[in-house]
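Novice: Just the structure for this:
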Amino acid sequence: MNADLWPKLLLMLENRLEQGLFTLWIRPLTARTDGSVLELQAPNDFVASWVRERLMDTIRETAQELAGKRVELRVVVRKHAPAAAPAPAAAKPAPQSRPGRDIALPLGYAPRPVADARFRFSFDDFVVGPCNELACAASKGLCNDMLSADHLFLSAGPGLGKTHLLHAIGRQLAGKSNRSRASIACLSAEEFATRLVLAIKAREAARFKAEFRDSVDVLLLEDIHFFQGKGKLQDELLMTLKALQGRGCKVVLTSSFLPRELDQVDPQLVSCFASGFLAQMDAPDFATREEIIRRKARNLQVQVPDDVTGLLAERLTTDIRQLESCLNNLVLKARLLGQRISAELAWQVLENYAPQIAAPDLDRIVSFVCKSYGIDENELRSKSRSQQTVLARNTAFYLCRKHTAMSLSAIGERLGRKHSTVLKGIINVERELNHQTPLGRQLASTIGRLSA
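Specialist: The predicted structure follows:
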């Protein structure tokens with residue numbers, strides 16, 4: 001097997017996976033080839049088990065695409081050389097809290113200077129429209145100390161720009177002052193939880209708490225609805241936020257839900273979430289979608305005809321990620337075929353995407369879900385806990401939240417469930433989609449057919 005496979009595979013996985021997922025689970029891996037086998041070596045059992053359960057299919061598919069043939073894959077725990085063994089506890093250096101240091105990860109994770117942190121987006125490439133104007137202004141205001149609060153809560157559905165603004169804030173604050181560079185932690189709520197678990201397993205919980213509460217100057221935390229129903233994690237987060245607030249640090253939180261919709265979160269933590277400036281982001285209007293395509297085309301250094309721009313903006317209306325993905329695929333296809341970008345070529349690419357012209361109502365969603373999962377409406381609303389029925393029910397919750405203006409309580413009432421059950425179901429679907437698990441890919445395929 002080609003020895004260059006792993007570096008190339010790393011680059012492809014970095015582009016395909018969400019950044020936090022790649023940083024936390026793929027970056028710590030090393031690899032070696034053993035005949036026809038690609039052996040991935042993890043720093044510990046916890047990481048190895050997680051990669052086997054969640055990411056093996058994605059890694060294998062990408063490796064086979066690169067190699068052009070079937071690749072046998074295995075994940076093992078890396079054997080450390082004796083010289084690299086950790087020093088006794090008494091000889092361990094105390095954690096430093098100098099400015100400019102990123103969060104340290106226990107068990108084989110190396111801290112990276114904030115100067116090397118890869119904030120993928122900036123304010124310059126964020127397209128502002130009526131849907132996100134307030135959120136963008138608040139984000140810039142936080143960076144320029146023009147916002148009345150140091151805490152910002154960004155709420156929006158998937159693919160509407162929360163991560164973009166979060167990274168833009170991080171990038172601007174990281175480069176704001178060479179005289180006193182702030183220590184910035186940018187991670188998802190699940191990463192925060194995983195780091196805490198790893199720290200506890202390594203008996204370094206005190207170091208973890210000191211890092212987040214005493215050393216961090218800016219905390220950028222994504223998808224805080226992950227903490228729903230997780231009491232011990234909520235306690236740790238609450239103490240962290242209070243410590244940062246007491247030190248006058250900046251905190252930016254993002255979620256697909258408003259703080260008041262998180263009913264399985266401690267009231268004190270909900271109050272903390274809502275203590276700063278709250279900004280919602282909606283789906284972009286037609287003019288904003290057109291401008292997104294034009295801006296993206298300039299970045300790709302291609303010319304997209306107006307009729308193609310209008311076609312893509314008309315057909316893909318609710319998810320900016322889908323819009324950008326469609327344009328990327330269109331440009332790539334044109335280059336591979338040696339053709340100019342045209343409406344005919346755009347129609348061919350659009351066949352791979354679900355049109356989003358008319359937002360479906362609850363009745364249409366219920367009908368679609370029942371047909372997709374082979375159950376009737378009575379079973380969907382029943383107390384059945386069969387795996388198929390629960391999956392269908394969670395899909396219905398997710399689609400109602402995405403395509404209608406109904407509240408979580410209203411969705412639950414129509415489908416015979418409590419507000420908290422609806423929220424839990426949506427979070428479970430989002431998690432599978434974000435992690436691109438086999439179930440997540442199945443869900444994405446099912447969800448994509450709704451508007452087809």
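Novice: Spit out the contact partners of Arg171.
Specialist: Neighbouring residues of Arg171 by Cβ atoms under 8 Å, 6 or more residues apart in numbering: 119, 121-122. The way it works is simple: take the backbone N, C-alpha and C, and place the C-beta from them, glycine included.
Novice: The residues you listed, buried ones only, as a ChimeraX selection?
Specialist: In ChimeraX, this line selects whichever of the contacts of Arg171 come out buried by 16 or more other Cβ atoms under 10 Å:
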select :119,121
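Novice: between the contacts of Arg171, which is nearest Gln442?
Specialist: Phe121 (29.3 Å; Cβ to Cβ).
Novice: Using CSV, lay out the contacts of Arg171 together with pLDDT and secondary structure.
Specialist: Output for the contacts of Arg171, formatted as CSV (pLDDT from 0 to 100; DSSP: H, G, I helix; E, B strand; the rest coil):
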residue, pLDDT, secondary structure
Phe119, 85, coil
Phe121, 88, coil
Ser122, 90, coil
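Novice: Tell me how this protein divides into domains.
Specialist: 5-80, 116-281, 286-350, 362-448 (automatic domain parsing).
Novice: Centre of the chain to the second one, how far?
Specialist: Think domain 116-281. On the basis of Cα atoms, centre = their mean, to the nearest Å, domain 116-281 is displaced by 13 Å from the centre of the chain it belongs to.
Novice: cool, the shortest one as well?
Specialist: When distances are taken as Cα atoms, centre = their mean, domain 286-350 is centred 23 Å away from the chain's centroid.
Novice: before we move on, what about the first one?
Specialist: Counting by Cα atoms, centre = their mean, domain 5-80 is centred 19 Å from the centre of its parent chain.
Novice: Give the rounded mean pLDDT of that domain.
Specialist: Averaged over domain 5-80, pLDDT sits at 82.
Novice: thinking Ile224 is in contact with Leu253, fair?
Specialist: Yes - judged on Cβ atoms under 8 Å, Ile224 makes contact with Leu253 at a distance of 5.0 Å.
Novice: the more surrounded of the two?
Specialist: Leu253 (27 against 23; other Cβ atoms under 10 Å).
Novice: For the more buried one, what is the enclosing helix or strand?
Specialist: In this assignment (DSSP states H and E), Leu253 forms part of strand 250-255.
Novice: what comes up buried for the helix or strand following that strand?
Specialist: Using DSSP H and E, the helix or strand that follows strand 250-255 towards the C-terminus is helix 267-273. If you call a residue buried by 16+ other Cβ under 10 Å, then helix 267-273 has these buried ones: 269-270, 272-273.
Novice: what separates the closest residue to Glu236 other than its chain neighbours from Asp217, distance-wise?
Specialist: Leaving aside its sequence neighbours, Glu236 sits nearest to Leu196 (Cβ to Cβ, 6 or more residues apart in numbering; 6.0 Å). Noted for Leu196: a distance of 20 Å to Asp217, by Cβ to Cβ, to the nearest Å.
Novice: residues touching the nearest residue to Gln436 once chain neighbours are set aside, list them.
Specialist: Among residues not flanking Gln436 along the chain, Thr58 sits closest, at 5.6 Å (Cβ to Cβ, 6+ apart). By Cβ under 8 Å, 6+ apart, the contact list for Thr58 reads 13, 16-17, 436.
Novice: isn't there a helix covering Thr58?
Specialist: Yes - assessed with DSSP: H, G, I helix; E, B strand; the rest coil, Thr58 lies in a helix.
Novice: how close does it get to Trp25?
Specialist: 11 Å.
Novice: end to end, how far does stretch 216-235 reach?
Specialist: 18 Å (Cα to Cα, to the nearest Å).
Novice: what comes up buried for that stretch?
Specialist: Neighbour count says stretch 216-235 has 216-228, 233-234 buried, by 16+ other Cβ under 10 Å.
Novice: thinking again about what came up before, go through the domains of the chain and find the least confident stretch.
Specialist: Across the domains of the chain, domain 5-80 gives the lowest mean pLDDT, at a mean of 82.
Novice: So Leu154: helix, strand or coil?
Specialist: Classified using three-state DSSP, Leu154 is strand.
Novice: Can you show me the helices along the stretch 251-400 of the chain?
Specialist: With helices called from DSSP state H, counting those that start in this stretch, the stretch 251-400 of the chain shows them at 267-273, 286-299, 306-315, 320-337, 343-350, 362-373, 377-381, 387-403.
Novice: follow-up on the earlier one: what do Ile224 and Leu253 both touch?
Specialist: Common neighbours of Ile224 and Leu253 (Cβ under 8 Å, 6+ apart) are Phe273.
Novice: What about Lys402, how many residues nearby?
Specialist: There are 22 residues near Lys402, going by other Cβ under 10 Å.
Novice: Check the one 3 residues further on too.
Specialist: The criterion is other Cβ under 10 Å. On that basis, Ala405 has 8 neighbouring residues.
Novice: Same question for Ser386.
Specialist: Every residue meeting other Cβ under 10 Å relative to Ser386 is counted, giving 11.
Novice: cool, the one 10 residues further on as well?
Specialist: When neighbours are counted by other Cβ under 10 Å, Ala396 registers 27.
Novice: just the one 4 residues further on next, same as before
Specialist: Residue neighbour count, defined by other Cβ under 10 Å, stands at 25 for Cys400.
Novice: so who does the closest residue to Arg16 other than its chain neighbours touch?
Specialist: Closest residue to Arg16 apart from its sequence neighbours, by Cβ to Cβ, 6+ apart: Thr62 at 6.7 Å. By Cβ under 8 Å, 6+ apart, the residues touching Thr62 are 9, 12-13, 16.
Novice: likewise Ala205?
Specialist: 196, 199.
Novice: what does the one 3 residues further on give?
Specialist: Applying Cβ under 8 Å, 6+ apart, one finds that Phe208 lies in contact with 106, 195-196, 199-200.
Novice: would it count as being in a helix?
Specialist: Yes - the assignment for Phe208 is a helix, going by three-state DSSP.
Novice: Counting neighbours, which of the contacts of Thr62 end up buried?
Specialist: 9, 13.
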